[in-house]
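Trainee: coords please:
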Amino acid sequence: RLDDIGMDGMDLIRSIVTIFKNYNFKTQILAASIRHPIHALQCAEAGAHVGTMPLKTLKQLFDHPLTTAGLEKFLSDWKKYEGGAKK
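Mentor: Model prediction:
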């Protein structure tokens, strides 16, 4: 939510990870209110252990538009190949 007020929320996650690693504190870092798939990736890269996000954001992690388009094209081509191979 820091992004909503013009701050970079990812900077906070990176700082928290760095501080806890510097002092070898045993903890798990929660990245809360992740609102974009890129932020989920950045939180994981920064070292956050757990994240909370709306269901819409979670679904976006599993459904990239380019993957969907590529899969549709592949399946279309495969159907054409199967039809030609059987003849």
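
Trainee: leaving out chain neighbours, which residue sits closest to Ile34?
Mentor: Distances taken as Cβ to Cβ, 6 or more residues apart in numbering place Met53 nearest to Ile34, at 4.0 Å, with adjacent residues excluded. Bear in mind the C-beta positions are built from the backbone N, C-alpha and C, glycine included.

Trainee: for the one you found, what are its contacts?
Mentor: Residues near Met53 by Cβ atoms under 8 Å, 6 or more residues apart in numbering: Ser33, Ile34, Arg35, Ala40.

Trainee: strands of the protein, start to end?
Mentor: Ranges of strands in the chain, per DSSP state E, are 30-31, 50-51.

Trainee: make a markdown table from these and add mean pLDDT, mean neighbour count and distance to Asp4 to it.
Mentor: Listed next are those as a markdown table, based on pLDDT from 0 to 100; neighbours: other Cβ atoms under 10 Å; distance: least, Cβ to Cβ, whole Å:
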| stretch | mean pLDDT | mean neighbour count | distance to Asp4 |
| --- | --- | --- | --- |
| strand 30-31 | 96 | 18 | 15 |
| strand 50-51 | 96 | 14 | 17 |
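
Trainee: using CSV, lay out those strands together with distance to Trp78.
Mentor: Below are the strands of the chain laid out as CSV (distance: least, Cβ to Cβ, whole Å):
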stretch, distance to Trp78
strand 30-31, 39
strand 50-51, 36
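
Trainee: buried ones in the longest helix along the chain?
Mentor: Secondary structure of the chain read by DSSP state H shows that its longest helix is helix 65-86. Counting neighbours by 16 or more other Cβ atoms under 10 Å, one finds that helix 65-86 has no buried residues.
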